[in-house]
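Chemist: Below are the sequence and a predicted model for it; my questions follow.
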Amino acid sequence: MSKKTVSVWTSIPFWRRSAGWVTGFAAMLLIWLTFDTMGQIAMGTDADLKNGITKRVPGPTVINYKITYEMSDKRGHEVPVIGEKEKFFGRDDWSEEEARELLHLGKLGSQAKNCMNCHTLLGNGAYYAPDLTKAWLDPAWGPNGPYLGMTNSKTKEEAMSKFLQFPSQYPTHERMMPNLGITEKEAMGLVAFLKHMSSIDTNGFPRNFGRMSTDGVTGAIHGK
Amino acid sequence: MANNLKFESQKLAINYFFVAAVLFGAQLLMGLIAATQFLYPSFLFEIFDFSVARMVHINALVVWMLYAMIGSVYYLLPEETGIETVGIKLGKLAFYILTAAVTVVVLVYILVQVGPASESTIWLINEGREYIEAPRWADIGIVVVVLVFVFNLFATALKGEQTGIVTVLMADVLALAGLYLAGMFFTDNISMDQYWWWWVIHLWVEATWEVFVGCLLSYGLIKIIGARREVVEMWLWIEVSMLFGSGILGLGHHYFWIGTPEYWWEIGALFSALEPVPLVAMFVHVVYDWGKETGLKEGQNEEKMMTNSPAFAWFVTNAFGNFLGAGVWGFFHTLPQVNIYTHGTQFTSAHGHLAFFGAYATILIGMFYMGLQGKNGITKLRATFDSKMAISLITIGVLGMTVSLTIAGYGQVLVERAQMGATWEAYFVSQDFVWFVQGMGWRLATGVLTFIGFIFLIKDLLTTSKNPIHER
């Protein structure tokens, strides 16, 4: 029997093998990168924070410290900077276990109250309400923002906690947050979750955060 | 109503299509509520909040698509393998369990809405994780039901004839089912949470679902215009390599800003820029095959074959819609240099609407028509006034929503991101920006248009059995 010449470009087995190899290669590369990323985004510890070791996702005790968001000349975008001690609900000595518990409550709360279906977190979610990625650092909650006075609070965490418990009492825009039955304890957890999230290194997202803000200071959250 | 289907598997498919159509309607209604709330925030405030409407909107979307996909496989399986689906009794049982579970979950979403910050909420009410909010009990149930489906597919394919389409489906469905497991755990680390969440969402939508669509398109072309199987299956394999080759690592474009390392910038940019390539191929492939087959038939003085005009119209809309929605609208904000400004704005929403519609809704509605044709024993299903109104209004409506959201997103990016720097104040200033508000107004108006198109669609599907226009 004479051999029939068939072009490889119309050969089904050739394309089937190609599909197998390409898919396999992409999948293996993804798995390999995933192992590396897992190591880099694993949560840090209290010891890391005490020794000034920077982690992409710091440990829960980051709530004991002041967090700012500053331009890094080396990386060419803003990065979270963990500064000196700062009181959080009156304490700056939250133990690793206490802080972890608080963060756990807050993360659970963020899911149980369905935050992501109005807000975005790390830019993901719905677009009906502001992004919460750096909410802790938002000038609206700062000394010149409207919330301290409106909630009759002395600290940012107190203002946030009150707002979360009775959101529709403190409207700043026609589009209000509904009352989700958040308890005082849950609110505390949520605030800890927000503070922790603001310390995550998001490669400069959101860009130029707070460039124009209520108090008229350029880059309101920059500086100690 | 008459049922001309011989295979139990195809009868089950019709049940799946029926529930899918109902959920599609629910999705549109919830979308209308959410769109109204953007313009009138006090609408149903603290009764049926945006978060609830939006959750049901996107969950109904995912679930109706999964229903229609499972239905499509049950429909084409006996025709491809030549035998009745193995384990069809189990398949039927799984259908009723899944439908009961979906009903309970939706009722809980609507009536209970949120729970206390405890594990019990995650288990019983909702997981609060966009798109995969299903409480954990339902997660486990879904896995069991999907395993039954996967078993049926594999057992049937191994016993009957194995075509290229079935082979691709087997690999694809296994991956699709496996990926769901990546979204079934709780962690306090939100970066970790989002990392694995995207394994479910991205690897479904931009990899396994796309390949699935390739299978349906292949099946449809063979059935509707009599395209040659060898040509279609060769293209299917080419598409599998292109879709998986770009889509798997295209995952990187979601890893720019969630705490993951910078190397994802390059990987995400490169591979997601390649993602539109197979979509162009798919588009060319449909139109080219159609032209070629028609030309060949005409050349041989044969009547050209077109057994199902509405289905084919939806399949062609799929090719266009997939390229525009997933390809063009996806590409223009996929590079990190752009994405840092557009991420999480109405741009994302515009892309999401056109991509889900173009890539998936269109082809699955086409499959509804395939099922309808089989069920009523029609040899030539023709386009009716209703079917033309349905496809025109739905397509114009979704395109209108997409353009409106793009304009709103453009205004939002300029004011909130580029000018003011993404604070809460910046957010609300942009939400009151006139371009934004007008965009939202047009979105609602074109959303209503889409819903009217949906009513025509349902009317067409329900009246086909008695319509004398079709050849039997």
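Modeler: Ah, there it is.
Chemist: quick check, the helix or strand where residue B:214 lies touching chain A?
Modeler: For residue B:214, the host element (DSSP states H and E) is helix B:209-225. No. Judged by Cβ under 8 Å from any Cβ of the partner chain, helix B:209-225 and chain A are separated, with a smallest distance of 9.3 Å. Heads up, the C-betas are built off the backbone N, CA and C, glycines and all.
Chemist: check which helix or strand covers residue B:90.
Modeler: Judged by DSSP H and E, residue B:90 forms part of helix B:88-111.
Chemist: packing partners for that helix?
Modeler: Secondary-structure packing of helix B:88-111 (3 or more Cβ pairs under 8 Å, 6 or more residues apart in numbering or on different chains; DSSP states H and E): helix B:8-39, helix B:50-81, helix B:136-159.
Chemist: Could you check the last one and say which residues are buried?
Modeler: Counting neighbours by 16 or more other Cβ atoms under 10 Å in any protein chain shown, one finds that the buried residues in helix B:136-159 are B:136, B:138-139, B:141-142, B:145-146, B:148-150, B:152-154, B:156-157.
Chemist: Repeat that for the first one.
Modeler: Residues of helix B:8-39 classed as buried: B:8-21, B:23-38 (neighbour count, 16+ other Cβ under 10 Å).
Chemist: Quick one: list the elements packing against that helix.
Modeler: Using 3+ Cβ pairs under 8 Å, 6+ apart: helix B:8-39 touches helix B:50-81, helix B:88-111, helix B:362-375, helix B:434-463.
Chemist: mind giving me JSON lines with these and columns for distance to residue A:173 and mean neighbour count?
Modeler: Below are those laid out as JSON lines (distance: least, Cβ to Cβ, whole Å; neighbours: other Cβ atoms under 10 Å in any protein chain shown):
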{"stretch": "helix B:50-81", "distance to residue A:173": "13", "mean neighbour count": "25"}
{"stretch": "helix B:88-111", "distance to residue A:173": "26", "mean neighbour count": "16"}
{"stretch": "helix B:362-375", "distance to residue A:173": "37", "mean neighbour count": "25"}
{"stretch": "helix B:434-463", "distance to residue A:173": "13", "mean neighbour count": "18"}
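Chemist: which one is the most centrally placed residue in chain B nearest to, not counting chain neighbours?
Modeler: Taking Cα atoms, centre = their mean, the centroid of chain B lies closest to residue B:360, which sits 3.6 Å from it. Excluding the flanking residues, the one nearest residue B:360 by Cβ to Cβ, 6 or more residues apart in numbering or on different chains is residue B:65, at 5.4 Å.
Chemist: same thing with residue B:354?
Modeler: Closest to residue B:354 by Cβ to Cβ, 6+ apart is residue B:325, at 3.2 Å.
Chemist: Surely that neighbour and residue B:355 touch.
Modeler: Yes. Residue B:325 lies in contact with residue B:355 (Cβ atoms under 8 Å); the separation is 3.9 Å.
Chemist: Pick out whichever of those two has more residues nearby.
Modeler: Higher neighbour count among residue B:325 and residue B:355: residue B:325, with 27 against 24, using other Cβ atoms under 10 Å in any protein chain shown.
Chemist: For the more buried one, give its distance to residue B:361.
Modeler: To residue B:361, residue B:325 is 10 Å away according to Cβ to Cβ, to the nearest Å.
Chemist: can you check residue B:327 too?
Modeler: Taking Cβ to Cβ, one finds residue B:327 at 16 Å from residue B:361.
Chemist: Which one's more surrounded, the two?
Modeler: Neighbour tally, residue B:327 and residue B:361, criterion other Cβ under 10 Å: the higher count belongs to residue B:361, 26 against 23.
Chemist: where's that one relative to residue B:457, distance?
Modeler: Counting by Cβ to Cβ, the gap from residue B:361 to residue B:457 is 11 Å.
Chemist: do residue A:47 as well
Modeler: From residue A:47 over to residue B:457 (counting by Cβ to Cβ), the distance is 61 Å.
Chemist: Just the element for the spatially most central residue of chain A, please.
Modeler: Taking Cα atoms, centre = their mean, the centroid of chain A lies closest to residue A:197, which sits 3.4 Å from it. Taking DSSP H and E as the criterion, the element that holds residue A:197 is helix A:184-198.
Chemist: And that helix, what does it pack against?
Modeler: Using 3+ Cβ pairs under 8 Å, 6+ apart: helix A:184-198 touches strand A:65-72, helix A:96-112, helix A:156-165.
Chemist: and with 10 Å instead?
Modeler: strand A:65-72, helix A:96-112, strand A:120-121, helix A:156-165, helix B:190-203 (3 or more Cβ pairs under 10 Å, 6 or more residues apart in numbering or on different chains; DSSP states H and E).
Chemist: quick one: contacts for residue A:25?
Modeler: B:244-245, B:248-249 (Cβ atoms under 10 Å, 6 or more residues apart in numbering or on different chains).
Chemist: near chain A, which residues of the stretch 301-450 of chain B show up?
Modeler: Within the stretch 301-450 of chain B, the residues that sit near chain A (Cβ under 10 Å from any Cβ of the partner chain) are B:336, B:339-349, B:405, B:408-409, B:412, B:416-429, B:431-432.
Chemist: all helices of chain A, in order?
Modeler: A:12-41, A:46-50, A:96-112, A:146-150, A:156-165, A:184-198 (DSSP state H).
Chemist: any chance of these in TSV, plus distance to residue B:86 and mean pLDDT?
Modeler: Shown next, in TSV, are the helices of chain A (distance: least, Cβ to Cβ, whole Å; pLDDT from 0 to 100):
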stretch	distance to residue B:86	mean pLDDT
helix A:12-41	25	95
helix A:46-50	55	93
helix A:96-112	39	96
helix A:146-150	62	92
helix A:156-165	54	96
helix A:184-198	49	97
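Chemist: tell me the most buried of those?
Modeler: Mean neighbours per residue, mean count of other Cβ atoms under 10 Å in any protein chain shown, is largest over the helices of chain A for helix A:184-198, with a mean of 23.
Chemist: right, and the helix or strand after the helix or strand of chain B with the lowest mean pLDDT?
Modeler: Across the helices and strands of chain B, the lowest-confidence element by mean pLDDT, DSSP states H and E is helix B:276-299, at a mean of 78. Per DSSP H and E, the first helix or strand lying C-terminal to helix B:276-299 is helix B:309-321.
Chemist: Show me what that next one packs onto, helices and strands only.
Modeler: helix B:209-225, helix B:276-299, helix B:362-375, helix B:385-412, helix B:434-463.
Chemist: which stretch among the helices and strands packed on helix B:8-39 comes nearest residue A:166?
Modeler: Closest to residue A:166 of these, according to Cβ to Cβ: helix B:50-81, at 17.5 Å.
Chemist: quick one, the closest one and helix B:8-39 angle?
Modeler: Counting by axes from the mean of the first three to the mean of the last three Cα atoms, to 10 degrees, helix B:50-81 lies at 160 degrees to helix B:8-39.
Chemist: So, low pLDDT: which residues of chain B?
Modeler: B:1-2 (pLDDT under 70).
Chemist: contacting residues around residue A:86?
Modeler: A:63-67, A:92, A:155-156, A:195.
Chemist: okay, it: pLDDT?
Modeler: If you check residue A:86, the pLDDT there is 94.
Chemist: For chain B, see how far away it is.
Modeler: For residue A:86, the distance to chain B (Cβ to the nearest Cβ, to the nearest Å) stands at 20 Å.
Chemist: Now do the phi/psi pair for that residue.
Modeler: Per-residue torsions, residue A:86: phi -150, psi 140 (degrees, to the nearest 10).
Chemist: buried ones in stretch A:57-71?
Modeler: Buried-residue list, stretch A:57-71, by 16+ other Cβ under 10 Å: A:57-65, A:67-69.
Chemist: Alpha carbons only: can I get that stretch in PDB?
Modeler: The C-alpha trace of stretch A:57-71 is given here as PDB (Å, rounded to 0.1, in the frame of the first residue of the first chain):
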ATOM      1  CA  VAL A  57       0.800  39.800  54.800                       C
ATOM      2  CA  PRO A  58       1.800  40.700  58.400                       C
ATOM      3  CA  GLY A  59       0.700  38.800  61.500                       C
ATOM      4  CA  PRO A  60      -2.500  39.800  63.300                       C
ATOM      5  CA  THR A  61      -0.600  41.700  66.000                       C
ATOM      6  CA  VAL A  62       0.000  44.400  63.400                       C
ATOM      7  CA  ILE A  63      -3.000  46.000  65.100                       C
ATOM      8  CA  ASN A  64      -0.600  47.100  67.900                       C
ATOM      9  CA  TYR A  65       1.200  49.400  65.400                       C
ATOM     10  CA  LYS A  66       0.700  52.500  63.400                       C
ATOM     11  CA  ILE A  67       0.300  51.800  59.700                       C
ATOM     12  CA  THR A  68       0.900  54.300  56.900                       C
ATOM     13  CA  TYR A  69       1.000  54.100  53.200                       C
ATOM     14  CA  GLU A  70       4.000  55.600  51.600                       C
ATOM     15  CA  MET A  71       5.800  56.000  48.300                       C
END
